[in-house]
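# structure of the sequence below:
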Amino acid sequence: MKNLSTIIFIAFLCLSMLSTAQKKKVAVITFYANKTIDLSNISGAADLATKNTSLSEDPNFNLTEPLKKLHKAFFAEYKENFDFEIIDEQTVLNNEAYKAFKPVYSQGKNLITNSETTVAIDGYQAIPAYRDNVKALKSVAEALDVDAIMFVKLSFGFVKTGVGSFGYVSIQARYSMDLYTNNNNSIFQFNEVAGSKKKAVMVGGIPVMTPKKIQPMCESAVEKLMKDLNKKVKRLAKKANRKMK
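Numbers count the residues shown, from 1 in each chain. This next block holds a predicted model:
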């Protein structure tokens, strides 16, 4: 009986070791917020676009705190839903291949400027999940010895309520989390949105574009976004876990 117990224990230990050995590894390669707010739901007027650019470049428009809250929730809660191992952040951030990587910041009609219109968690580069970047990051994935790379981004857009040039605008927070294999194949592209409780009056069809008005709406939208995000990531993880086996 004693021998049987020993055999069962050894078999269980071997299975546990095999399961651990086969666990896929993932590197979070970027974690940033885009400060340029999407205007497509309200207006494409040149004057508004200019004000939007000025806002995105204004150091007083600081999205660091809501981004930090999202980052903390990701590593404390969201990542626990996945069966694969998300490697330690410092392993990524201290890797020489990662530090030397030069992202592209334009693809088609998409354009961001790293230093002026984005804010990233300390140590991370702001890397858009453009196809050229995904392909170029293959060498970084190999240097990190991971099976897949993950992009996490927070962005914002205006949502209008009212008629014509009258009415209100709120801010919609947009969370995106994209996972690609180290061979550039997409595993999932997850997007979730939530609107701010706070609103601002439009003047002549244009919202007041100041940090004092816009930042509280962004923070309100992120708070609402985070309320149900863990449940939705859990549902996503079930599908992702199957694909990563």
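# what's the neighbour count on residue 167?
For residue 167, the neighbour count with other C-beta atoms under 10 Å is 15. For every residue, glycine as well, the C-beta is placed using N, CA and C.
# that one contacts residue 161, doesn't it?
Yes. Residue 167 sits in contact with residue 161 when judged by C-beta atoms under 8 Å, with a separation of 5.4 Å.
# counting contacts, what elements does the host helix or strand of residue 175 pack onto?
Under the criterion of DSSP states H and E, residue 175 resides in strand 168-181. Other helices and strands packing on strand 168-181, by 3 or more C-beta pairs under 8 Å, 6 or more residues apart in numbering; DSSP states H and E, are strand 148-161, strand 186-195, strand 200-203, helix 211-243.
# need the winner for burial among those.
strand 148-161 (a mean of 21; mean count of other C-beta atoms under 10 Å).
# report the distance from it to the chain centre.
Averaging C-alpha positions (C-alpha atoms, centre = their mean, to the nearest Å) puts strand 148-161 7 Å from its chain's average.
# tell me the angle of that strand relative to strand 168-181?
170 degrees (axes from the mean of the first three to the mean of the last three C-alpha atoms, to 10 degrees).
# shift numbering so it begins at 687
Taking 687 as the first residue, the last one we looked at is strand 834-847.
# quick check: angle from strand 834-847 to helix 897-929?
140 degrees.
# re earlier: could you tell me the least trusted of the helices and strands packed on strand 854-867?
Out of the helices and strands packed on strand 854-867, strand 886-889 stands lowest, with a mean of 79 (criterion: mean pLDDT).
# note down every partner strand of that one and its orientation.
Paired neighbours of strand 886-889 in the sheet (DSSP bridges): strand 854-867 (antiparallel), strand 892-893 (antiparallel).
# returning to that earlier point: can you list the helices and strands packed on strand 854-867 in a markdown table and add distance to residue 828?
Listed next are those as a markdown table, based on distance: least, C-beta to C-beta, whole Å:
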| stretch | distance to residue 828 |
| --- | --- |
| strand 834-847 | 11 |
| strand 872-881 | 17 |
| strand 886-889 | 47 |
| helix 897-929 | 21 |
